[in-house]
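**Q** okay, here's the prediction I keep looking at, along with the sequence it came from:
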Amino acid sequence: MDQGLNDVVESGPELLADGFGFTEGPLWHPDGHWEFVDIRKNTIHGLRPGGKTETVRENSGGSNGMTFDLRGNVIVCEGDNRRITRREANGYYTTIADQIGGKKIHRPNDVICRSDGSLYFSDLGGRLAPEDRELEYNGVHRIAPDGSVSNATSDTEFPNGLAFSPDESILYVAITRLDDTCIQEKERGEICRHQFIRAFDVAADGSLSNNRVFADMFSKEDGVPDGMKVDVEGNVYCGGSGGVWVLDPSGKHLGTIAHGETATTNVAFGGDDWKTLFFTSRNTLGSVQCKIAGLPVPAGGG
């Protein structure tokens, strides 16, 4: 393990389950189990203590990132269906965002909840044919507490994972690439220099400003900056090439939690003390025990 990780990682990693198509969207439920998605198999699964998995939803609309709203409802990014949904108590899914200004959103990827009840989600059109794209940009959008949907920023290239700093004054946005030339670079074994995390200042009204690069995650290896979470001390944990990248609040790379797979797609904190870091890595699921608790989901929960 990298020396810089000793201050944040207690033990691990531990393999929990494998044999999936493409795992993503981990989410800890306070009743003591995880949920995650299998994008390739178009399903949402639950993982109970002891490693038993169960199917929560089939034909899930290409579900990807998930979170809770302030009322404890599961919020889901449905990429294939091009919408954000809320899982109701009766198991039905209600659309809460699918358009901005009368134009269909692209393919929502990840979603987070702010303590005021607003939701932010990343939206990118890389897997849409040009004729199916109604918005002219990729971006991060905001669902306000009153349900209105607006673009928070379009200055994000290909946005992926999202996370707030502990005081919610900063929004972190993982950038997977600039365009398809980045994919070609990595196929040739070249370093892609368009993989990084952006940071935005968040105003009281939820607006974003002061766009800057928080940390570089350049790599020629398989994997891209992906799902993110933050601990209570402000350290950032981001899925990427080689495992889970851990960065301190200044953006310094403390090290990468390697777990035997080439890349990590997403991460989530959970457990009774919020010190278990759960990670998805395409075909597998695993966990790491941390010394510092992660920020609870939803914001302000515990």
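**A** Ah, there it is.

**Q** what's the weakest-modelled helix or strand in the protein?
**A** Comparing helices and strands within the chain by mean pLDDT, DSSP states H and E singles out helix 180-187 as the least confident, with a mean of 74.

**Q** quick one: that one to chain centroid distance?
**A** Relative to its parent chain, helix 180-187 has a centroid offset of 22 Å by CA atoms, centre = their mean, to the nearest Å.

**Q** please apply the same query to stretch 221-230.
**A** For stretch 221-230, the distance to the chain centre is 8 Å (CA atoms, centre = their mean).

**Q** select the longest strand from the chain.
**A** strand 9-29 (DSSP state E).

**Q** packing partners for it?
**A** When contacts are defined as 3 or more CB pairs under 8 Å, 6 or more residues apart in numbering; DSSP states H and E, strand 9-29 packs onto strand 33-38, strand 43-48, strand 63-68, strand 74-78, strand 253-257, strand 266-270, strand 276-290. (Glycine included, C-beta is placed from N, CA and C.)

**Q** for those strands, give me CSV that also has distance to residue 222.
**A** Formatted as CSV, the helices and strands packed on strand 9-29 follow (distance: least, CB to CB, whole Å):
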stretch, distance to residue 222
strand 33-38, 19
strand 43-48, 24
strand 63-68, 19
strand 74-78, 23
strand 253-257, 13
strand 266-270, 16
strand 276-290, 10
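
**Q** give me the contacts around the least confident helix or strand of the chain.
**A** 176-177, 191-192, 194-195, 219-222 (CB atoms under 8 Å, 6 or more residues apart in numbering).

**Q** take those and keep only those in helices.
**A** Counting by DSSP state H, no part of the contacts of helix 180-187 is found in helices.

**Q** now, of those, which are buried?
**A** 176-177, 192, 194-195, 219 (16 or more other CB atoms under 10 Å).

**Q** nearest to residue 89 among the residues you listed?
**A** Nearest to residue 89 among these is residue 176, at 34.7 Å by CB to CB.

**Q** hang on, that closest one packs against residue 192?
**A** No - using CB atoms under 8 Å, residue 176 makes no contact with residue 192, being 9.3 Å away.

**Q** which residue is the nearest non-sequential neighbour of the spatially most central residue of the chain?
**A** By CA atoms, centre = their mean, the chain has its centre lying nearest to residue 227, at 3.1 Å. Spatial nearest neighbour of residue 227, excluding adjacent residues (CB to CB, 6 or more residues apart in numbering): residue 266 at 2.8 Å.

**Q** list the beta-bridge partners for the one you found.
**A** residue 280 (DSSP bridges).

**Q** for residue 250, see how far away it is.
**A** Separation of residue 266 from residue 250 (CB to CB, to the nearest Å): 24 Å.

**Q** which of those two has more neighbours?
**A** The residue with more neighbours, out of residue 266 and residue 250, is residue 266; 28 against 8, by other CB atoms under 10 Å.

**Q** contacting residues for the more buried one?
**A** 23-26, 65, 110, 161, 226-227, 239, 279-280 are the contacts of residue 266 under CB under 8 Å, 6+ apart.

**Q** try it again at 6 Å.
**A** 24, 26, 226-227, 239, 280 (CB atoms under 6 Å, 6 or more residues apart in numbering).

**Q** low-confidence ranges, the stretch 201-302 of the chain, go.
**A** 300-302 (pLDDT under 70).

**Q** for residue 130, phi and psi?
**A** In this entry, residue 130 is assigned phi and psi values of phi -50, psi -40 (degrees, to the nearest 10).

**Q** equivalent analysis for residue 193, please.
**A** According to degrees, to the nearest 10, residue 193 has phi -100, psi 20.

**Q** that one: what's it in contact with?
**A** residue 218.

**Q** tell me the one of the buried ones among the contacts of helix 180-187 nearest residue 233?
**A** residue 195 (24.7 Å).

**Q** was I right about that closest one contacting residue 226?
**A** No - Residue 195 is not in contact with residue 226 according to CB atoms under 6 Å; the separation is 10.0 Å.

**Q** could you tell me the end-to-end distance of stretch 255-264?
**A** Stretch 255-264 has an end-to-end distance of 14 Å (CA to CA, to the nearest Å).
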